[in-house]
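Q: I'd like to go over a predicted model; first the sequence, then the structure.
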Amino acid sequence: MTFETTDKIASEDLIEWTLARRWIALGAVFGLLGVVAGAAGTHLLESRLDADSLDTLETAIRFQMYHALALLVVGALAGTWGHRMLNLTGWLFTAGVVLFSGSLYLLSFTDVGAFGAVTPFGGLALILGWASLLIAALNR
């Protein structure tokens, strides 16, 4: 093994761990915001929102929290597997949370039905994220 080969391997490891930290940090941010949204929904918004809007808010928070945890897993796996598919998984989960949960947050706070039209695209991104995680696991 030459120094050049060793440097290339070290560089690839650094990139993998940088990606891993990105997904772990983003999962932590989504988790933090999900807890804050849940606390706000329980303590501040319960008296201001109708039952349907509270149900919508709960669904947004639940899916955000599930995928915050999923991003933590993606980050942990990216640091060890280093699979390019995991990077795609992370981006799909991120887009899914923003589109799915984000549109549901907006829908619950505004009652503007047009925001609900975005939700299926977020759901599709989440589904594709899980599919890409499955492909990464099978190709491992």
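A: Great, that's in hand. Numbers count the residues shown, from 1 in each chain.
Q: any stretches of the protein with poor pLDDT?
A: The chain contains residues with pLDDT under 70 at 1-16.
Q: for it, what spans make up the helices?
A: Counting by DSSP state H, the chain has helices at residues 3-43, 51-80, 84-96, 102-110, 119-138.
Q: can you list these in CSV and add mean neighbour count?
A: All C-beta atoms are positioned from the backbone trio N, CA, C, and that covers glycine. CSV is the format used below for the helices of the chain (neighbours: other CB atoms under 10 Å):
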stretch, mean neighbour count
helix 3-43, 15
helix 51-80, 19
helix 84-96, 22
helix 102-110, 19
helix 119-138, 17
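Q: mind listing what G96 touches?
A: Contact analysis of G96 by CB atoms under 8 Å, 6 or more residues apart in numbering lists 67, 122-126, 128-129.
Q: at 7 Å instead, please
A: 67, 122, 125-126, 129 (CB atoms under 7 Å, 6 or more residues apart in numbering).
Q: state the distance from it to H43.
A: Remark: distance between G96 and H43 (CB to CB, to the nearest Å) = 27 Å.
Q: likewise for R84?
A: Taking CB to CB, one finds R84 at 43 Å from H43.
Q: repeat that for L138.
A: For L138, the distance to H43 - CB to CB - is 44 Å.
Q: and L126, by the same measure?
A: In terms of CB to CB, L126 sits 28 Å off from H43.
Q: got it, and S103?
A: 24 Å.
Q: and S101, by the same measure?
A: 19 Å.
Q: and what of D55?
A: In this view, D55 and H43 are 17 Å apart by CB to CB.
Q: check R21 too.
A: 33 Å.
Q: do the same with E58
A: From E58 to H43 the distance is 14 Å (CB to CB).
Q: repeat for W81
A: 40 Å.
Q: before we move on, what about G79?
A: Computed as CB to CB, the G79 to H43 distance reads 37 Å.
Q: next one: R140
A: Note on R140: its distance to H43, by CB to CB, is 43 Å.
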